[in-house]
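Q: coords please:
(2 chains)
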There are 2 protein chains.
Amino acid sequence: MLFKQITIIGVGLIGGSLGLIAKRKKLVGTVIGYDRRRWNLQKAVSMGVIDRYLLTLSNAVEGSDLVILATPVGTFERISRAISPYLKEGAIVTDVGSVKGKWVSLIELQMPEHAAFVGGHPIAGREKSGVEAARDELFRGSVCILTPTPKTDPKAIKKVTALWEKVGSKVVQMEPSVHDQILAAVSHLPHLIAYALVETLNHPTIARRDPARFSAGGLRDFTRIAGSSTEMWRDIFLLNSEEMVTMIDLYQETLEKMKKKIIDKDGVGLLEVFDRVKAIRQNDIG
Amino acid sequence: MLFKQITIIGVGLIGGSLGLIAKRKKLVGTVIGYDRRRWNLQKAVSMGVIDRYLLTLSNAVEGSDLVILATPVGTFERISRAISPYLKEGAIVTDVGSVKGKWVSLIELQMPEHAAFVGGHPIAGREKSGVEAARDELFRGSVCILTPTPKTDPKAIKKVTALWEKVGSKVVQMEPSVHDQILAAVSHLPHLIAYALVETLNHPTIARRDPARFSAGGLRDFTRIAGSSTEMWRDIFLLNSEEMVTMIDLYQETLEKMKKKIIDKDGVGLLEVFDRVKAIRQNDIG
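A: Next up is the predicted model:
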């Protein structure tokens, strides 16, 4: 057993899946859930995701050896401040948020002397959100990024690493800012692009043709991406705005260049791009 | 039996699948294949996709009741001109190309008095290309767009419709230009976007981070789209350039607006977009 008692704050897809597998594998003694929605917590108990729930943050974290922040990233600072006075001696706080950067140091600042914070981000997800979507194999074969700082207690890093490895993740450490740059590229930009495409098809000039009837696989992939939790994506886009804007700028440049090739009927130039892209794909990106 | 003898010009994914199912369902007597690559035709014979092959266009179409153009769209005008003198009395020529527009009238112009052209586009595909990827259920449940003009012989439309219906497609008729506008939106723009994304990740500032290691589903959807035949996509982008550029312009506007919302930290504005997109998805787009 890695932890006698843990608290999951935000019992949705990620928090819920972690509770489910930690309980099934007996990695933890007791799993306590906290969420704004009582019906969600009741469902989580009946699914075997948590043992019991508490409706105030202070009560929920009291006595826990590990507290996992699994709400939308935008709530982390407020929650850290709220739970800080109630953390037990030696408690570890970690998160599963998709943005790190300056948030890691802001949360670190909220921690009392006797507790440690370790930033974490399991790269896993499904098209669906909510505790109903929780699966005990969600993290199998995935990568979990930890973003410790020079201040982070090495023992806390070791314990959080052990938890993620036991649920099936490969753990990689990197600086918070590098995490944000990579995630802007491989996840946040792709999601923005998908949202922008579907929003474009909503434009009256094309919407009146009822285009959905004529789409094969291509469009389905985009609408699937655009199907996840809207609150979560709002927070990610705003909190990682600097890296996002850098990536969007790069992307807009590329798109403009490709448009120019189309206008100039530059078939050779287009083929060069396609072949590069195909080579990347064959190197098994994604 | 719908046709005694048909010729498939370009025995790849689409042409091959059509041959396979037409033979299995006994919709045609003899299926003749033509392709630039002899090894490909030999494979097609061994897979049961065609009965036999011929290596010159003139021989390949002689005596056939239906000729199907299934090579990249950019070759259609040249091929139409080449086969025209060898078409039998009452022959029907059709195609499976992803761009219609002015090509339909150009091909129509090449046809002799005694033959008819019917533009067609089965909305079906797989991530893979080539005859090895041919499947007899490829068109099941798909839509096939026919783009007849006022000149098109109604009997020819009826016969081509019957073929597509028998292989499992729902047939819809529309004007060539409307076809191109819709396809630019639901297929050509999504592909361009996917190519541009992967090309962006190839930029040195991000490529040096080896981002592929940290991508979950989001990126995989894009690289899958970017995996199809490069020649085919070059032709599509160039031949449908007008509608493409109109759609890219609209998309760039949307993307710029979303970037502005991120820069302005306009969370409410982002949520409005996401909710609209989610509503479209729930209406079962794609």
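
Q: let me know the pLDDT of A:Ile50.
A: Looking at A:Ile50, its pLDDT is 98.

Q: go on, A:Asp249?
A: So A:Asp249 comes in at 98 (pLDDT).

Q: from the contact counts, what lies against the helix or strand where it lies?
A: Using DSSP states H and E, A:Asp249 maps to helix A:241-263. Applying 3 or more CB pairs under 8 Å, 6 or more residues apart in numbering or on different chains; DSSP states H and E, one finds that helix A:241-263 contacts helix A:176-183, helix A:189-201, helix A:267-282, helix B:189-201, helix B:204-207, helix B:241-263. Quick note: C-beta positions are derived from backbone N, CA and C, even for glycine.

Q: who wins for proximity to A:Trp39 among the ones you listed?
A: helix A:189-201 (28.0 Å; CB to CB).

Q: re earlier: got the CA coordinates for the helix holding A:Asp249 in PDB?
A: Written as PDB, here are the backbone C-alpha positions of helix A:241-263 (Å, rounded to 0.1, in the frame of the first residue of the first chain):
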ATOM      1  CA  SER A 241      -2.200  31.500 -23.400                       C
ATOM      2  CA  GLU A 242       1.500  32.500 -24.000                       C
ATOM      3  CA  GLU A 243       2.600  29.100 -25.400                       C
ATOM      4  CA  MET A 244      -0.700  28.800 -27.200                       C
ATOM      5  CA  VAL A 245      -0.300  32.100 -29.000                       C
ATOM      6  CA  THR A 246       3.300  31.200 -30.000                       C
ATOM      7  CA  MET A 247       2.000  27.900 -31.500                       C
ATOM      8  CA  ILE A 248      -1.000  29.600 -33.200                       C
ATOM      9  CA  ASP A 249       1.400  32.100 -34.800                       C
ATOM     10  CA  LEU A 250       3.600  29.400 -36.100                       C
ATOM     11  CA  TYR A 251       0.500  27.500 -37.400                       C
ATOM     12  CA  GLN A 252      -1.000  30.500 -39.100                       C
ATOM     13  CA  GLU A 253       2.300  31.100 -40.900                       C
ATOM     14  CA  THR A 254       2.300  27.500 -42.100                       C
ATOM     15  CA  LEU A 255      -1.300  27.700 -43.200                       C
ATOM     16  CA  GLU A 256      -0.700  31.000 -45.000                       C
ATOM     17  CA  LYS A 257       2.300  29.400 -46.900                       C
ATOM     18  CA  MET A 258       0.100  26.400 -47.900                       C
ATOM     19  CA  LYS A 259      -2.700  28.700 -49.100                       C
ATOM     20  CA  LYS A 260      -0.200  30.600 -51.200                       C
ATOM     21  CA  LYS A 261       1.000  27.300 -52.800                       C
ATOM     22  CA  ILE A 262      -2.700  26.500 -53.600                       C
ATOM     23  CA  ILE A 263      -3.200  30.000 -55.100                       C
END
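
Q: report the angle between that helix and helix A:267-282.
A: 140 degrees (axes from the mean of the first three to the mean of the last three CA atoms, to 10 degrees).

Q: correct me if wrong: A:Val93 contacts A:Ala115.
A: Yes: A:Val93 is within contact range of A:Ala115, at 6.2 Å (criterion: CB atoms under 8 Å).

Q: which residues are common contacts for the two?
A: Residues within reach of A:Val93 and of A:Ala115 at once, by CB atoms under 8 Å, 6 or more residues apart in numbering or on different chains, are A:Leu87.

Q: looking at those two, which one has more neighbours?
A: In this view A:Val93 and A:Ala115 are compared by other CB atoms under 10 Å in any protein chain shown, and A:Val93 has more residues nearby, 29 against 20.

Q: just how off-centre is the helix or strand harbouring that one within its chain?
A: Take DSSP H and E as the rule and A:Val93 turns out to sit in strand A:92-95. In terms of CA atoms, centre = their mean, to the nearest Å, the centre of strand A:92-95 is found 14 Å from the chain centre.

Q: anything in the next helix or strand along the chain from it near chain B?
A: Later in the chain than strand A:92-95, the nearest helix or strand by DSSP H and E is helix A:102-110. No: remark: helix A:102-110 sits outside contact range of chain B, by CB under 8 Å from any CB of the partner chain, the gap being at least 14.3 Å.
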